[in-house]
Each structure stands twice: as structure tokens, then as C-alpha cells.
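Undergrad: compute the structure for the input listed below.
(chains A, B, C and D)
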There are 2 protein chains.
Amino acid sequence: MDFTLDQLGALEAIARTGSFARAATELRRVPSAITHTVTTLEAALGVALFDREKRPRLTRDGEHVVELARGVLERARALERAAGVLSTGWESELRVVVDGSLPMDPLMTCLRRFADPSVPTVLRVDVEYQDGVMERFRSGADVALLHGLDFDGDERGLQLRALPPLEMLLIASADHPLARAAVTEASRAEHAELIVRDSSTRFESRSRPSFIGSRNVVYLSDFHSKRLALLAGAGYGWIPGHLVADVLASGALVVLEASPSRWTYQPQLATREGQGLGRGAQLFVDTLLAAADAPEG
Amino acid sequence: MDFTLDQLGALEAIARTGSFARAATELRRVPSAITHTVTTLEAALGVALFDREKRPRLTRDGEHVVELARGVLERARALERAAGVLSTGWESELRVVVDGSLPMDPLMTCLRRFADPSVPTVLRVDVEYQDGVMERFRSGADVALLHGLDFDGDERGLQLRALPPLEMLLIASADHPLARAAVTEASRAEHAELIVRDSSTRFESRSRPSFIGSRNVVYLSDFHSKRLALLAGAGYGWIPGHLVADVLASGALVVLEASPSRWTYQPQLATREGQGLGRGAQLFVDTLLAAADAPEG
DNA sequence: ACTGAAGGTTCAACTATACTGAAGCACAAT
DNA sequence: ATTGTGCTTCAGTATAGTTGAACCTTCAGT
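TA: Down below sits the predicted model:
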């Protein structure tokens, strides 16, 4: 690769303006510099770009090279533009990881916002469960939406912002045996508990103990499956209230009589402490908090 | 555009090899040169490409820039390859103009030859009629296939190669009135003569006189139309024998009894004198002459 | 045919830029 | 601790691009 973008730019300027002299003015150089640039390029490519019989005129090969040069310059200018955007503080990509137990509506608002062409940052969202969330955050995500239930507090280096509190409910189908009377530890042990599997890869083998031990445990991959399984009467289990509000209202599912049967938790928006937020991250945080506080928006 | 292909190449080498040092060896430079190149590029783009907290590691923005850089380099390498081809004597494009009265089979052989991916030159063929052929040749075609009928000889600067001779025949449909007896000047004038229109743009108005004057003249745009018109009995006219060999054999068309009613002409392959042929032109000439001499090939 | 203006080239001197090599620092592995 | 690898800094050097003046050619106008 013994030619430069500068040479290609000069060639393109000559081809466009139609003369060495005009190209020179445009590039704020002296004509002889253009001559030199062109001869150097011709030597580098081994191609006679200009016919110098009289006034220099592009040869057919020259035209061909100009076409290719335009392709190179186009890509180079695209890079330049992208770099310009990056240098103004927009990240090329913003990686967000969200706990699957949280409401997705505010996130959808963010996705819409980032789909706007005026937002140059590309948004990447990963839905994880339990430890999988922090694992992915540690492996490079910029923002994490944590459910905040089993949040140890020993995780330092995090800057947290509270999201509206949510409720976990102990639920079963209305015609499930456990729904007929107050739940005891013994009655509970007779039935299958539905649990959403931890999506962490590190703790593949370590099965997280349920809130209250149960003989039979069914692991599910996400809360949507869990909701379906609960509706099908396959077992009982904890599930975020916002996911079952409709079927609770309709009476298909019921909150079990147990203590506790409700558990309020405090979701958190986490970013890395210390390093300031880029413009993309800031926009995401602002948009998400606004959407979470005013779910109707 | 204040960065160079060289800088992008260095960045790509670092990204690919995973270290400044390996990139330096690959580029046959000293490590400090790589450092310098990278810092210069970062300054030019205004983007922190590497995280220098510890061992330099590409930032996410850096990865993004690398992606774009690969795009630029890919195009640049394509240009380099194309230039390499051009510098070995292959033209980027070979323009051939052919008189529409000539047999097209040898030309088709050439087209097949140039369709081979190992032939980098792009073949462009224009079919013209009469003066249109030379006009296009003058306006830039590299090779002309002339019918040689009205070749003035005053056209200098041409290098000619003879093609197999052909015959013009004075033809009409078998049931045309002129086919019934020997043709006289008077009987000829009573019937329409079919003529292929000159495709030259310069002589739009100048209608070329027919071989023998006729009262009614029908101008057609090509010999295929002329053949159809002859078959339809729309008139009489001169047409190359090879275009009507089949219908003469079947008896649908006949050669008129006139003198002359046959005219042997000597097609020529013309190139510009003085400047040697490029590899594409040479290949074309060789292929065409071979195909013309051995039409079965 | 002459003339002047504009475009292009050549050349030597200059300037800016990239490269080298030595020295030094940071980190990782032993 | 110690060694080795990888990166950076810096000063000197080499390379490559830029300038400006002189010259040549072409083209348009007289």
C-alpha cells in the first residue's frame, strides 16, 4: 500500500474540477505540489493516470482509478464522520443488561428513542436472570437494570439510581390445591415450585435455593414461561406482580395465603462509578428514569 | 481528512495481531514508530482508540473505528489490485465498434473470451452503421470492425488487418415484381429501395445516396429489420450475403438479375496506428481473427 | 502571426513529518 | 526479588512533501 489518501484526494479533486490548477486552489496548495503528488501516485500505482500529450487529460485507466479512489475516499470520510461523532462524547455502542423480572415498557421507550437517526449510539440490550445480570455487567455492559432483591451491597464501584419499587407475589392457579387454604410448610413441600433459572454461566451447577424449600422444583428460562406454567397449574411460585396483574384481576391466578406472600423490592439502575457517563449513557438514563416514573409516557 | 492509510493499516495490524510489538514486526518498523502512529491517529480523530490504563487495549470506540478502517483498507487494496492489473498492460476497458453489416459470430466468440474472469479488461461493444462506425472510433473506441465498402483510404493513422471477404447481394423477395425479369434502371425506379440508415449523429440530415437511385426509399435502422422487410416484400435492396444465406437457399429471397448484383467487399479490423496494443486489445484482435478465419471454432 | 494569460512542469531550497535507537517504565511470570 | 516483554519517551536523523521561481506549452483575442 504505497499510496496515500492525500494522493487519492488530490486525484479526485483534479477529476472533479477538471484541472490541476483548480485542484491546487481547492486544496490550498501550489500547482507544482499537485504535479508532484500526481507523479508520485502514478509511480506508486504503475499506471499512467493522465495523458500528457497536451493539456493533461485523464486516461481511461485514470478514470477507472478515479472511480475506485472515490470508493476509498467515501469510506474514509465515513470513518471521519463517525470519529467526529465519537469525539463529541457519543459512544459507538451502549450495552445495557436488564433483569428479566423488571417491566420492559420503560426499556421499549429507550429503544424507540435510540432508534432515532439523530442518536448515533447503537443500543444493545441483553436480558438476563439473577446472577447473569451482574456477570454481564462485569463483562462489559455499561448500564445494568437490577431487580435489587438479592443485592448484596458488597458490590462496590457502582453508582445506583432507584427505580419505582415492585412487588413479588407468591402465586398459583386458582384451582391449584394450595389456593384452597392457608399454605403451610408441609403443604408447600407436596407441590412443585416454579423457579426461573439463573442465567449466569459461571454458576451453571449451583442451583439457587428457592425462597422456601420445596420437594419438587421446576426450572424455567424466563418469567414468561413461568407465567404460562402458573396459569397451566403446573406449580406455584414467586413472580413479579406487574407480570400477572391482568390474570390476578380475572381470577385465573391467586396470591397464596402464606407469610410472606408479598415481597416489595427496589430495582436499581446501575452504572460504573468514577467514569462519567457518555452522551448515549446519559440519554439512556434520563429516558429510562422518565419513562419509569411516568409509565403512561 | 487528516489521517492516512498508513495509520489505518497500523491500527488494523495492531487489532489483528493483538499487540503493538507484533504489529511493528509485521510492518517492519520499530515499536516506538507504532506508538507514534497511533497517538497521531488518535489526535487526528479525536478519539481514544486504546485504553492505556495498563497494557493498551482497544476501547469500544476503537473497535468501532477498526471496523471502519477495515472498510477503507479493503477498498484501498482493491484499488491497488486494479492498478496492478492495469500496470501489467491490461486496459480497464476495451471499446470496440463494429459495423452492423458484418457477421456477429466472431464477435460473440470474443465476448465469451472476455467474460472469463482471468481477463480483467471489460469489453464494450457498440454496433453502428456506415459513418457511425468511424465516428465512434474517432470519439474513443480502441478497435473498429469496418465493412470496408466505402472505405475512403484517406483515413490515415489506422492500422488495418484484413478479415475474410464478404458479398453484398442485390436482393428481393421471390414474389417481388423485380424478381420476375432482368432489372433495368427504369423498373428499379418504380419500386422502393430498402436502405439501412447511417447511424452517424453528425450526418443526421445527409442521406447517403443509394447505389442506384430509386424513387422510393425506405430507411431502416439495422440489417435485421432490412432482412424482415425484404422477406415481407416491402422492397429490394443490398444486404450482406451471410445474413440471407438461409432464405436464399429456401428460395424465399432471390438475387436480382442486374449488374452488378453482387459486390465483394473486404472487411477490416482497424486499430490506431503508432500506439502499441494493450493486452486486452491484443487478445481481442487475436481472438477475433482466429474466430473469423475458422468460423466453426 | 503576434501577444498575453492560464495551465502545467521542473528544480533547488526548505519544512514538516515519520522513523530509528537508546533509555526507561510498567506489568506479568517465574 | 528478578527477568522478560511490551509500551512509551525523547533526541537525532532520514524521508517525503511543500514552496516559489523560471520555463514551456496551449489557447483566445487582436
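Undergrad: return the backbone torsion pair for A:Pro56.
TA: Backbone torsions of A:Pro56, given as degrees, to the nearest 10, read phi -60, psi 130.
Undergrad: where do the helices sit along the stretch 1-150 of chain A?
TA: A:5-17, A:20-26, A:31-45, A:60-87, A:105-115, A:131-138 (DSSP state H, counting those that start in this stretch).
Undergrad: redo these as TSV? Include mean neighbour count, distance to DNA strand C and mean pLDDT.
TA: The C-beta positions use only the backbone N, C-alpha and C, and glycine is treated the same way. Formatted as TSV, these follow (neighbours: other Cβ atoms under 10 Å in any protein chain shown; distance: least, Cβ to the nearest atom of the strand, whole Å; pLDDT from 0 to 100):
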stretch	mean neighbour count	distance to DNA strand C	mean pLDDT
helix A:5-17	20	7	93
helix A:20-26	17	3	91
helix A:31-45	17	3	93
helix A:60-87	19	12	93
helix A:105-115	16	35	93
helix A:131-138	20	17	86
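Undergrad: make TSV out of those helices and add distance to A:Leu230.
TA: Shown next, in TSV, are these (distance: least, Cβ to Cβ, whole Å):
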stretch	distance to A:Leu230
helix A:5-17	62
helix A:20-26	71
helix A:31-45	70
helix A:60-87	46
helix A:105-115	21
helix A:131-138	22
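Undergrad: out of those, which gets nearest to A:Arg52?
TA: Nearest to A:Arg52 among the helices of the stretch 1-150 of chain A is helix A:31-45; the distance by Cβ to Cβ comes to 10.0 Å.
Undergrad: that closest one near chain B anywhere?
TA: Yes. Judged by Cβ under 8 Å from any Cβ of the partner chain, helix A:31-45 and chain B are in contact via A:Leu45.
Undergrad: any idea how far the residue nearest the centre of chain A lies from A:Asp116?
TA: With distances taken as Cα atoms, centre = their mean, A:Arg124 lies nearest the centre of chain A, 1.6 Å away. Going from A:Arg124 to A:Asp116 by Cβ to Cβ, to the nearest Å gives 16 Å.
Undergrad: kindly report the same for A:Glu42.
TA: Separation of A:Glu42 from A:Asp116 (Cβ to Cβ) stands at 46 Å.
Undergrad: mind listing what's buried in the helix or strand of chain A with the lowest mean pLDDT?
TA: Ranking every helix and strand in chain A by mean pLDDT, DSSP states H and E puts helix A:185-189 at the bottom, with a mean of 78. Neighbour counts using 16 or more other Cβ atoms under 10 Å in any protein chain shown place A:Arg188 of helix A:185-189 among the buried residues.
Undergrad: can you pull out the strands in the stretch 151-297 of chain A?
TA: A:158-162, A:166-173, A:193-196, A:217-220, A:237-240, A:253-255, A:262-265, A:268-272 (DSSP state E, counting those that start in this stretch).
Undergrad: then the third one to PDB, C-alphas only?
TA: Taking C-alpha atoms only, strand A:193-196 is exported to PDB below (Å, rounded to 0.1, in the frame of the first residue of the first chain):
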ATOM      1  CA  GLU A 193     -42.200 -24.800  43.000                       C
ATOM      2  CA  LEU A 194     -41.600 -23.000  39.700                       C
ATOM      3  CA  ILE A 195     -38.300 -21.100  39.600                       C
ATOM      4  CA  VAL A 196     -36.600 -19.000  36.900                       C
END
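Undergrad: by contact count, what packs against that strand?
TA: Counting contacts by 3 or more Cβ pairs under 8 Å, 6 or more residues apart in numbering or on different chains; DSSP states H and E, strand A:193-196 packs against strand A:217-220, helix A:223-231, strand A:237-240.
Undergrad: quick one: closest of these to DNA strand C.
TA: strand A:217-220 (36.7 Å; Cβ to the nearest atom of the strand).
Undergrad: who does the closest one pair up with?
TA: Next to strand A:217-220 in the sheet, as set by DSSP bridges, lie strand A:193-196 (parallel).
Undergrad: one step back: what's the most buried one of the helices and strands packed on strand A:193-196?
TA: Across the helices and strands packed on strand A:193-196, averaging neighbours per residue (mean count of other Cβ atoms under 10 Å in any protein chain shown) puts strand A:237-240 on top, at a mean of 24.
Undergrad: now it - C-alpha only, CSV.
TA: Output in CSV follows, covering the C-alpha atoms of strand A:237-240 (Å, rounded to 0.1, in the frame of the first residue of the first chain):
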residue,chain,number,x,y,z
GLY,A,237,-44.0,-19.7,42.7
TRP,A,238,-42.9,-16.1,43.1
ILE,A,239,-43.5,-13.8,40.2
PRO,A,240,-43.3,-10.0,39.8
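Undergrad: avg pLDDT for that strand?
TA: Looking at strand A:237-240 alone, the average pLDDT works out to 91.
Undergrad: residues in contact with A:Asp51?
TA: Neighbouring residues of A:Asp51 by Cβ atoms under 8 Å, 6 or more residues apart in numbering or on different chains: A:Arg57, A:Leu58, A:Thr59, A:Gly62.
Undergrad: of the residues you listed - the most surrounded one?
TA: Counting neighbours by other Cβ atoms under 10 Å in any protein chain shown, A:Gly62 leads the contacts of A:Asp51 with 25 neighbours.
Undergrad: residues touching that residue, list them.
TA: For A:Gly62, the contact set (Cβ under 8 Å, 6+ apart) comprises A:Ala15, A:Val47, A:Ala48, A:Leu49, A:Phe50, A:Asp51.
Undergrad: how about A:Arg272?
TA: By Cβ under 8 Å, 6+ apart, the residues touching A:Arg272 are A:Asp142, A:Gly157, A:Leu158, A:Gln159.
Undergrad: how about these in a markdown table, adding distance to A:Arg22 and pLDDT?
TA: Compiled in a markdown table, the contacts of A:Arg272 are given as follows (distance: Cβ to Cβ, whole Å; pLDDT from 0 to 100):
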| residue | distance to A:Arg22 | pLDDT |
| --- | --- | --- |
| A:Asp142 | 48 | 90 |
| A:Gly157 | 58 | 76 |
| A:Leu158 | 59 | 83 |
| A:Gln159 | 56 | 86 |
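Undergrad: save those as TSV, and put in neighbour count too.
TA: Shown next, in TSV, are the contacts of A:Arg272 (neighbours: other Cβ atoms under 10 Å in any protein chain shown):
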residue	neighbour count
A:Asp142	22
A:Gly157	9
A:Leu158	16
A:Gln159	14
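Undergrad: quick check, nearest of the residues you listed to DNA strand D?
TA: A:Asp142 (23.7 Å).
Undergrad: surely the closest one touches A:Arg95?
TA: Yes. Between A:Asp142 and A:Arg95 there is a contact under Cβ atoms under 8 Å: 5.3 Å.
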